[in-house]
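what would the 3D arrangement of this be:
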Amino acid sequence: MSIPLEQAIGTHLRTRSLKLATAESCTGGLVADHITNVPGSSDYFLGGVICYANEVKVSLLHVSSETLRLHGAVSRETVIEMARGVRAVLGADIGISVSGVAGPGGGSPGNPVGTTWIGLSAPEGEWTRKFVWSGDRRGNKLSSTQAALQFVLDYMDKKLENG
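Numbers count the residues shown, from 1 in each chain. Modelled structure (predicted):
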């Protein structure tokens with residue numbers, strides 16, 4: 001039986017004395033909820049920002065209004081700025097961000113319902129992943145949460161491999 005993603009992340013972060021912060025839009029705090037379900041997560045989890053409205057992305061995370069105008073809230077560019085912003089604002093080593101169209105409405109031809117972008121910012125660089133889920137609203141939020149946790153774990157596993 002494998003251990004939950006959030007527990008594996010916690011072990012890696014604690015071992016390396018690294019701090020994590022989250023910036024969540026479509027998941028509404030579910031990533032932070034999963035991380036804080038692990039006892040002792042305050043050792044490595046600094047906190048998160050639920051930035052559902054674009055105004056919050058701009059005012060708290062310093063996402064550029066120009067980025068939002070040109071690319072939209074559900075984009076590679078926006079999740080990079082969200083992850084970078086939460087990392088800077090909270091003083092974390094790693095920032096993970098999620099923005100998507102959970103549904104059932106709100107989709108567009110370029111970003112249909114289920115489209116989710118996840119960004120990760122760390123000292124070594126910044127990366128994104130894109131997904132298009134086919135579930136209902138709750139299912140899309142849960143899939144996005146699991147994908148964000150997996151992204152952090154993949155980064156930690158790679159970091160451990162490279163020293």
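
only C-alpha atoms for contact and neighbour calcs from this point on.
Will do.

before we move on, what SS does Val38 have?
The three-state assignment at Val38 reads coil, by DSSP: H, G, I helix; E, B strand; the rest coil.

so what's the residue count around it?
Residues within reach of Val38, counting by other Cα atoms under 10 Å, total 15.

ok, it - contacts?
Neighbouring residues of Val38 by Cα atoms under 8 Å, 6 or more residues apart in numbering: Glu6, Gln7, Gly10.

ok, Leu60 next?
Shown in contact with Leu60 (Cα under 8 Å, 6+ apart): Gly85, Val89.

mind doing that once more with 10 Å?
Val49, Ile50, Cys51, Asn54, Met82, Gly85, Val86, Val89 (Cα atoms under 10 Å, 6 or more residues apart in numbering).

need these in TSV with secondary structure, can you?
Formatted as TSV, these follow (three-state DSSP):
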residue	secondary structure
Val49	strand
Ile50	strand
Cys51	coil
Asn54	helix
Met82	helix
Gly85	helix
Val86	helix
Val89	helix
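
could you give the bridge partners of the residue most central in space within the chain?
Residue closest to the average C-alpha location in the chain (Cα atoms, centre = their mean): Ser97, at 2.5 Å. Beta bridges link Ser97 to Ala23, Gly119 when assigned by DSSP bridges.

distance-wise, check it relative to Pro39.
Going from Ser97 to Pro39 by Cα to Cα, to the nearest Å gives 23 Å.

for Gly48, what are phi and psi?
When read as degrees, to the nearest 10, the backbone of Gly48 gives phi -150, psi 170.

contact partners for the closest residue to it other than its chain neighbours?
If the residues on either side of it in the chain are set aside, Gly48 comes closest to Thr22, at 4.3 Å by Cα to Cα, 6 or more residues apart in numbering. Counting by Cα under 10 Å, 6+ apart, Thr22 touches 29-32, 35, 45-50, 82-83, 85-87, 90, 92, 94-98, 120, 148.
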